[in-house]
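# Need the 3D shape of this:
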Amino acid sequence: MPVDPLKLVVLMGSVREGRFCPTVTDWFAGLAEQHSAFTVEVVDLEGVELPHALPALPPADPAMTRPEGMRRLTEQLTEADAFVVVTPEYNHSYPTVLKAAVDWHFAQWRAKPVGFVSYGGQGAGLRAVEALRPVFAELHAVTLRDGVAFPWAHAAFGTDGRPLDAEGAAEAAATLLDQLAWWGAALSEARAKQAYPLAA
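Predicted structure coming up:
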C-alpha cells in the first residue's frame with residue numbers, strides 16, 4: 001500500500017451555460033478532501049482547448065500532439081492515481097466536451113480506477129454513466145460499480161449547495177471513496193511493479 005496519499009482528480013464533465021455541475025462537484029470534492037486516502041484536485045473543462053476532431057494516430061503509437069491549451073489538463077490526468085467523473089445526462093448520454101477530454105488521452109487513464117457522480121432528471125444521470133463505462137473500458141481503465149446519483153438534481157440540493165438527503169448522499173459518496181482508495185492503492189502498486197501489458 002502506498003504511504004503517500006493518492007491523487008484523486010474530480011473531473012467536471014459539463015461546460016454548459018447555467019450548469020449545475022459546480023454545485024454537485026463542490027459538494028463531492030468537499031467530502032473527498034476529508035478522506036484520508038486522497039489529495040484532491042478539481043479539474044474544470046471550461047476553458048480547456050478540446051477540439052472534437054482528433055489527429056490521425058497509429059493505434060500502437062502512444063504519443064499524440066495536443067493543443068497547447070490542453071497541456072495542463074494532460075498533466076493533471078497523468079499525475080492522477082484515481083478519477084471521479086461528475087457528469088449530467090444530456091439526451092440519454094454524456095456531454096460532448098467530456099468525450100473530447102477522454103478521447104484526447106490514452107495512457108493517462110490506463111490501469112487507474114474511475115468512479116462516477118451523476119445527476120439529471122428522472123434517470124439521475126445513470127444512462128450517461130452506462131454510456132461512459134465501455135469508453136473507459138476501451139482505454140483500460142477500471143470503472144467502479146457503486147457511485148452517487150441524483151435524480152431531479154436541482155430539487156435534490158438546498159440553497160446551501162448541499163443535498164437535502166445529506167445522510168444518504170454522504171453514505172453513497174463514502175462507499176465510492178473507499179472503493180476508489182482500494183482500487184487506487186492496488187493499481188498504483190501494480191503499475192509501480194510492472195508496466196501494464198498491452199496487446200501487440
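
# what about residue 26, neighbour count?
Counted by other C-beta atoms under 10 Å, the residues lying close to residue 26 total 15. In this view, the C-beta of every residue, glycine as well, is placed from N, C-alpha and C.

# Can you report phi and psi for the closest residue to residue 169 other than its chain neighbours?
Distance criterion C-beta to C-beta, 6 or more residues apart in numbering; nearest residue to residue 169, sequence neighbours excluded, is residue 163 at 3.9 Å. Main-chain dihedrals, residue 163, degrees, to the nearest 10: phi -60, psi 140.

# Could I get the contacting residues of residue 163?
Counting by C-beta atoms under 8 Å, 6 or more residues apart in numbering, residue 163 makes contact with 27, 150, 156, 157, 169, 170.

# Give me the mean pLDDT for whichever helix or strand residue 7 is part of.
Assigned by DSSP states H and E, residue 7 belongs to strand 6-12. If you average the pLDDT over strand 6-12, you get 98.

# Per-residue pLDDT of the nearest residue to residue 70 once chain neighbours are set aside, please?
Among residues not flanking residue 70 along the chain, residue 49 sits closest, at 5.3 Å (C-beta to C-beta, 6+ apart). Predicted confidence (pLDDT) for residue 49: 91.

# Next one: the most centrally placed residue in the chain from residue 190, what distance?
With distances taken as C-alpha atoms, centre = their mean, the residue of the chain nearest its centroid is residue 85 (2.4 Å). Here the criterion is C-beta to C-beta, to the nearest Å. By it, residue 85 lies 22 Å from residue 190.

# Show residues contacting the helix or strand harbouring residue 71.
For residue 71, the element it lies in under DSSP H and E is helix 71-79. Applying C-beta under 8 Å, 6+ apart, the contact partners of helix 71-79 are 7, 9, 41, 43, 45, 48, 66, 83, 101, 104-105, 107-109.

# what about 10 Å?
Helix 71-79 has contacts (C-beta atoms under 10 Å, 6 or more residues apart in numbering) with 7, 9, 11, 41-45, 47-50, 64, 66-67, 70, 83, 101-102, 104-105, 107-109, 112.

# what's the burial count for residue 148?
28.

# returning to what we had before: contact partners for the residue nearest to residue 70?
By C-beta under 10 Å, 6+ apart, the neighbours of residue 49 are 66, 67, 68, 69, 70, 71, 73, 100, 104.

# And it, how close does it get to residue 71?
Separation of residue 49 from residue 71 (C-beta to C-beta) stands at 9 Å.

# Ok, residue 117 next?
From residue 117 over to residue 71 (counting by C-beta to C-beta), the distance is 26 Å.

# Looking at those two, which has the bigger crowd around it?
Comparing residue 117 with residue 71 by neighbour count (other C-beta under 10 Å), the higher total belongs to residue 117, at 28 against 12.

# my guess is the more buried one is in a helix, correct?
No: under DSSP: H, G, I helix; E, B strand; the rest coil, residue 117 sits outside any helix and is assigned strand.

# Against residue 41, how distant is residue 105?
Residue 105 is 16 Å from residue 41, by C-beta to C-beta.
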